[in-house]
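Trainee: below are the sequence and a predicted model; questions follow.
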Amino acid sequence: MTIFPADDPDKLPFAGILPAATKPFILGEGKGEKSLVFDQLFEILLTGDETDDQYGAWTMKAPRGDRIPAHIHLKTHEIFYVVDGEISVWMDDQADYHSKTTLVTGDFAYVPAGIVHAFKIENTTKVFGVGTAGFERFFHAIGEKTDATEPQGVYVPDFSVLRAAGEKYATIFMPEFPFKD
């Protein structure tokens, strides 16, 4: 049973791109479900629909940019694997674990549910991500659908959109969180 909505309307504009069933498939480069969030292109490669609600997978491509707002996922475990580039990741458990690490090509980070985190793209970067099933649609909820294969332009969601997506996907934005650098 998924911890996120199985009948999620955020997947409707993308119907037919992924099989929406647990069967083998191949997805060509740039052929997943894509949304632009700020200046980052998220491409959903696999969802809870294909994995019996086990996990979802995506890529994120972005140019150098500002640090995204600190946030915490209450139900989602998330990984980052740097396919190419450089990304700084801040993590804080609000107790005794505080880190800022710059990941480069081949580096990996794990962010368990309940950890405050943020990231900043240091130069043009591609990251492979995996998270708790259903969460992958969060990027659609806050982004703008696109057919682009590279990040193009900037889409800034209205704060009401961020808040609604945060409530739906158990994410709390904490832009004033004081990371210990």
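Mentor: Ah, there it is. Owing to the predicted nature of the structure, the values given are computational and were not obtained by experimental measurement. Numbering: from 1, shown residues only.
Trainee: and residue 71, bridged to which residues?
Mentor: Judged by DSSP bridges, the bridge partners of residue 71 are residue 117, residue 173.
Trainee: which residues touch it?
Mentor: For residue 71, the contact set (Cβ atoms under 8 Å, 6 or more residues apart in numbering) comprises 116-118, 166, 171-174. (C-beta placed from N, C-alpha, C; glycine too.)
Trainee: between these, which is nearest residue 53?
Mentor: For the contacts of residue 71, the closest approach to residue 53 (Cβ to Cβ) belongs to residue 171, at 18.4 Å.
Trainee: could you pull out the strands for the chain?
Mentor: 33-37, 40-46, 55-62, 71-73, 78-92, 98-104, 108-111, 116-132, 144-145, 171-173 (DSSP state E).
Trainee: how far is the third one from where the chain is centred?
Mentor: Averaging C-alpha positions (Cα atoms, centre = their mean, to the nearest Å) puts strand 55-62 6 Å from its chain's average.
Trainee: distance check, the residue at the greatest distance from the centre of the chain against residue 151.
Mentor: Distance to the chain centre peaks in the chain at residue 96, reaching 25.3 Å (criterion: Cα atoms, centre = their mean). Residue 96 sits 36 Å away from residue 151, taking Cβ to Cβ, to the nearest Å as the criterion.
Trainee: likewise for residue 36?
Mentor: Here the criterion is Cβ to Cβ. By it, residue 36 lies 7 Å from residue 151.
Trainee: also residue 109?
Mentor: Using Cβ to Cβ, residue 109 is found at 21 Å from residue 151.
Trainee: between the least confident helix or strand in the chain by mean pLDDT and strand 33-37, how big is the angle?
Mentor: The weakest-scoring helix or strand in the chain, judged by mean pLDDT, DSSP states H and E, is helix 159-168 (a mean of 93). Angle, helix 159-168 to strand 33-37, by axes from the mean of the first three to the mean of the last three Cα atoms, to 10 degrees: 130 degrees.
Trainee: nearest to residue 3, out of the strands of the chain?
Mentor: strand 116-132 (6.6 Å).
Trainee: contacting residues for the closest residue to residue 174 other than its chain neighbours?
Mentor: Take residue 174 and drop its neighbours on the chain: the residue closest to it by Cβ to Cβ, 6 or more residues apart in numbering is residue 70, 4.4 Å away. By Cβ under 8 Å, 6+ apart, the residues touching residue 70 are 90, 116-118, 173-177, 179.
Trainee: got it, and residue 177?
Mentor: Contact criterion Cβ under 8 Å, 6+ apart gives 70, 92, 116, 118 as the residues in contact with residue 177.
Trainee: quick check: the gap between the last one and residue 161.
Mentor: Distance check for residue 118 against residue 161: by Cβ to Cβ, it reads 19 Å.
Trainee: thanks again, I'm all set now.
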